[in-house]
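next one to model:
(chains A, B and C)
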Amino acid sequence: MSKHHVTTTINGEPVEFLCETQETMLDVLRNTLNLTGSKEGCASGDCGACSVICDGKLVCSCLMLGVEAEGRSIVTVEGVAEGDTLHPVQRKFLEHAALQCGFCTPGLIVASKALLDENPNPTEEEARYWLAGNLCRCTGYDKIIAAVLDAAAEMRGERSAA
Amino acid sequence: MNYIVSKPELKVVGTRPVRPDGVDKVTGRAQFGADMVLPGMLWGKVLRSPHAHARILGIDTSKAEKLPGVKAVVTAKDFPDIASEEAFVGEGPMNFRDLSRNCMARDKALYEGHAVAAVAAISQSVADAALALIDVTYEVLPHVIDVEEAMRPDAPILHEDLFTQGVEPKPTKPSNIAKRLHFKKGDVAAGFREAEVIVEGRYTTQPVHQAYIEPHAALCAVAADGQAQIYSSSQGQFMVRAYCAKLLGWDIANIRAVPLEIGGGFGGKTLVYLEPLALALSKKSGRPVKIVMTREEVFRASGPTSGAVVEVKIGARKDGTIVAAQQVLKYQAGAFPGSPVGPGCMCGFAMYDLPNVEVEGFDVVSNRPKVAAYRAPGAPISSWAVESALDELARKLEMDPIALREKNAVRDGSKTHYGPSFRDIGFLETIRAARAHPHYTAPLGKNQGRGVACGFWFNIGGESSAAVHINEDGTATVVSGNPDIGGSRASMAMMAAEVLGIPVEKVRPIVGDTASIGFTHLTGGSRVTFATGMAVTQAAEKVVEQLKARAAQIWEIPAEAVEWKDGAAYPAGSNAGGFEPLSLADIALKAARTGGPISSEVSLNAQGAGPGFGCHICDVEVDPETGAVKILRYTAVQDVGKAIHPAYVEGQIQGGAAQGIGWALNEEYIYDSQGRMENPGFLDYRVPVASDLPRIEAVLVEVPNPRHPFGARGVGEVPIVPPMAAVGNAIRAATGLRLRDLPMSPPKVRAALDAARK
Amino acid sequence: MPALNYAAPTTVKEAVALLAGASGTAKVLSGGTDLLVQLRSGRVRPDLIVDTKRIPGLIGISEESGAFVIGAATPGAVVEAHEGLKRAFPGVVEAMDLIGSQQIQGRATLAGNLCNASPAADSVPAMIAAGAIAVIAGPNGQREVPVEQIPTGPGRTSLGRGEFIVAFRLQKPAPRTGDAYLRFIPRTEMDIAVVGCGVSLTLDAGGKIIAARVCLGAVAPTPVLAPEAAAALVGSTLDEAALAKLDRAAQSVCKPINDKRGTIEYRTKVAGVLARRTAAIAYERAKARG
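Below is the predicted model of the structure:
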């Protein structure tokens, strides 16, 4: 069967790829485009390890067909830093030791960035509910929440960059 | 050198540097098991039994083999038929014959999800199509999944050659009871006669999965001369190598196992599932083969830990002195023997100095996936019963729960009921710190309650190797052999940096593959900071000796006249000569001229691992109309010996507590009447999400373990032991009701409340 | 698997033609949060996927003739950001918001939630309580039906071949009307509802309930609009006696099953609890609109 030819934008760069209908955006990112930062934890939208931002909305790339990316703009974990300048969320995750095995981390970085893009001053409860779609089995979420709230404070100018 | 005894001011150990692998992990650069690719790679998929128990009468793979794009198909006949042999390479004993049959069924499918065949093809969709073309003829047999039902004499038998060990006379009829264990100290019958208050109860748990977010993945490449490379995410590349060598009948030297980053293990990746299959497929096809489990496969075919029935009886005098303690533990092992009932027998009462103890344990097979280690294997189940019973005892005695534990706590020199005596432990310090914490006396509101529970884990040492190399520019590379599950490589760099006296940013830690570092036991048993840290420290100390000798050579003075301080060589005293100090970088620059490369590799078998103790305080609020339990506040106090990197020690405690809370409230395997799992996904296998938990305060108590140079104790496993009873005791306080069956999900809580109202 | 085709039509007419004319099964793709899971598990094996998101008007919320018109492919995140809709129908918006995670909200749609026809769908009891109308396009033109007529059984709808929902209409509520939705789940997020309850109440100037709609989810093969539960409230000021009647009425319409998410007994009891709690919130909201 013939594949779909898709033209899209990923992390600000124009990208073209071929995919079969049933291939998800996650399959395309990982297996066709070699962007393996987004992870497959469940393939059913329950763990958030595959989180990307599509046209400004936080989504699970495992629940999007690759062909749907046509004409859209996608941000993956690989696009969160700017060159070798880490995003405050990334820096705070490192400072607060908000990762142990690191597998859920890409999804959490993307989801946390999406949270702070939309709500620069979340309460702890708001942050927890926003991130409820990102499972972490190692940390108990404690240092993750601390890192996200600290990143938010820094981005609001309340704390200087460490 | 023992840094606790000599008490130098530590410059690196105890601080919180950013972990050296951190940037890779927050940018998505780090390579995990499924991220690796090789040219010419094929995709592998596994065909799994749809039946919980069935004889395999025949497998016809001919149609699958003919499908265009399929390059290899394997079944049990592609693996040697291994004789029964126990090995001690992984976490706990492993029978190689059982492991082989677990990886690929032979003669019988013993659980739904049991692998019966595997294929390698040019794409995942062709591999899936190939699976559908494999014809397996099954004779479906009656199955049994409940532990007590499996113990009955009329239960369907899984293994015709399994006879219960540990009973006399030796049985002649096969059984699902693989082993009976028995521990005895003193005379419990006499103890119970002396007791003035007795509590007893029957507690149950359901199997729960480690639920690491990364599914199992392996990429294997076998060359025509039989040399094999394995890239996989595991808790031990030497274990992977050893198990694969055994299961395939290959020389160990021909296998190189490369550890990729691992997305969680918790004990569930201390064995192999996919590597032997991928190796066999690669050998047959002549191309690299990658196999990745789906989440559904992870649940149906890997882990979990045992479900169990535990009966406990404790007797005490009115002043709180426990005079008798008895436990019967029935753990299910899944399809092959090897549940953690042994540690369960040892851990439940281990924290208490008891004169009369009797513990009986049963290892029982059942038609469920073979259990794998899960963080302090066996102990959480045992302590769920004991710590709940102690809570009841405290209430009957009208005694504060921590005071009850304090009265009976083990101290230095206490002898356990399973043999060894404790030395240099911190249990008393831990429970006293819990009692002194403001959480213990914070006010509570309506429908709220507070529970306390304690936990213990032995922690292990074992074989580790580490190398410290001084680079030409004075930076250092530390190579060790443990996959980094929770930040351990940072601690390796920190200990080396401390000994060498240079900043930690100048020390780069690498996790080496099986060809690049000496034999190292896997990451498990809370052993890495202890045992591998010991090897790293000793290697760094040997390097310091070399550095001093080179300085002596340069200065033309005896080596004893040189001392090492703050990363530089100094003449020791004015008699040695007025030389300017030589920094590590100065000496490194001259290495070739003074004798060659400066490095050291140490291999050891670390003894003296210090046991760990924890005490958790949990506040809950119960909605009496729905039975929903909300965790309001959680404090986990633990003796950690010495926190090399305190943030990662706190992380272990918080993570273990979160897993225990999930085990307490909502996690369980749900089966249908055909013995098939109904909830093999994260939607209905309910691990805690971020909004389910409050902040978890980890309190580090440091009673150094004198047998580690920096005083470290294992920390990772203790924190999962107390939470179930801490939550159960809190529910008891909030509702007046004792729940004894896990998980304490809302329907169970509501049903208990309704029953009490009648 | 046999070739799976995909089309992204740009007009309603084109979409209808694709759905009606497909040889084999055709499935509508809006958010994909149910469809992709079912594709992957093999529960559905369509021949054609028709993506409706490129049709103008399918995404977006407008107001016409005193009603909100919500494009069928509008993701939850857009629904929740609409201030006007939130003010008028907080129950509908909070019900949609409860579906899955934030990531699911970036894609999931009211139409998908309705047409997937899970008995436990979160948005449906609230939509029914609010009196939402589904606007359907098909080979015979457009028709409109109350949302409660769409689900006919688990996974089944009353839509005919070639039909799909293009929009929902929610008539702006009468004064002193408030709606609410609650669900019970074992965790705090990420679970399918064990029981869901949507309530809409209209009060008179004195605070007496003059109209009520009570709809329960996850307690029967389809969401249950319960006139007996509504009758228990009409004429009352939501006093204890009315709440007790409501509780019993809600329990009486339950026909749940035992499954991995709840038992018959538990679901029935919790239905009564949720009905009371949801009615109380709807009542407060209705009063505030006085």
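
what about residue 106, how many residues close to it?
In the absence of a named chain, this looks at chain A. 30 (other CB atoms under 10 Å in any protein chain shown). Just so you know, the C-beta spots here come from the backbone N, C-alpha and C atoms, and that holds for glycine as well.

should've been chain B
17.

do you know how far the residue lying closest to it once chain neighbours are set aside is from residue B:121?
With CB to CB, 6 or more residues apart in numbering or on different chains as the criterion, residue B:106 has its nearest non-adjacent residue at 4.1 Å, and that residue is residue B:76. Distance, residue B:76 to residue B:121, using CB to CB, to the nearest Å: 20 Å.

ok, those two, which is more surrounded?
Per other CB under 10 Å, whichever of residue B:76 and residue B:121 has more neighbours is residue B:121, with 27 against 19.

now residue A:52: which helix or strand?
strand A:51-54 (DSSP states H and E).

does chain C sit close to that strand?
Yes - with CB under 8 Å from any CB of the partner chain as the measure, strand A:51-54 is seen reaching chain C through A:51, A:54.

report the mean confidence score over the helix or strand following that strand.
Counting by DSSP H and E, the next helix or strand C-terminal to strand A:51-54 is strand A:57-60. Mean pLDDT, computed over strand A:57-60, is 98.

the helix or strand following strand A:57-60 packs against which elements?
The helix or strand immediately downstream of strand A:57-60 is strand A:73-75, counting by DSSP H and E. If you count contacts as 3 or more CB pairs under 8 Å, 6 or more residues apart in numbering or on different chains; DSSP states H and E, strand A:73-75 packs onto strand A:4-10, strand A:51-54.

switch the cut-off to 10 Å
strand A:4-10, strand A:51-54, helix A:105-118 (3 or more CB pairs under 10 Å, 6 or more residues apart in numbering or on different chains; DSSP states H and E).

show me what the next helix or strand after that strand is packed against.
Following strand A:73-75 in sequence order, the next helix or strand is helix A:88-95 (DSSP H and E). In this structure, helix A:88-95 makes packing contacts with helix A:105-118, helix A:142-155, helix B:22-27, judged by 3+ CB pairs under 10 Å, 6+ apart.

restrict helix A:88-95 to CA atoms and write it as PDB.
Output in PDB follows, covering the C-alpha atoms of helix A:88-95 (Å, rounded to 0.1, in the frame of the first residue of the first chain):
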ATOM      1  CA  PRO A  88      14.200  26.800  33.200                       C
ATOM      2  CA  VAL A  89      12.100  23.700  33.700                       C
ATOM      3  CA  GLN A  90      15.000  21.500  32.600                       C
ATOM      4  CA  ARG A  91      17.400  23.300  34.900                       C
ATOM      5  CA  LYS A  92      15.100  23.100  37.800                       C
ATOM      6  CA  PHE A  93      14.500  19.400  37.300                       C
ATOM      7  CA  LEU A  94      18.300  18.900  37.500                       C
ATOM      8  CA  GLU A  95      18.700  21.200  40.500                       C
END
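
how far away from the center of its chain is it?
14 Å (CA atoms, centre = their mean, to the nearest Å).

pull the contacting residues for the residue in chain B positioned nearest to chain A.
Of all residues in chain B, residue B:28 sits closest to chain A, at 2.0 Å by CB to the nearest CB. Counting by CB atoms under 10 Å, 6 or more residues apart in numbering or on different chains, residue B:28 makes contact with A:35-39, A:76-81, A:102, A:105-107, A:109-110, B:35.

rerun that using 8 Å as the cut-off
A:35, A:36, A:37, A:38, A:76, A:77, A:78, A:106 (CB atoms under 8 Å, 6 or more residues apart in numbering or on different chains).
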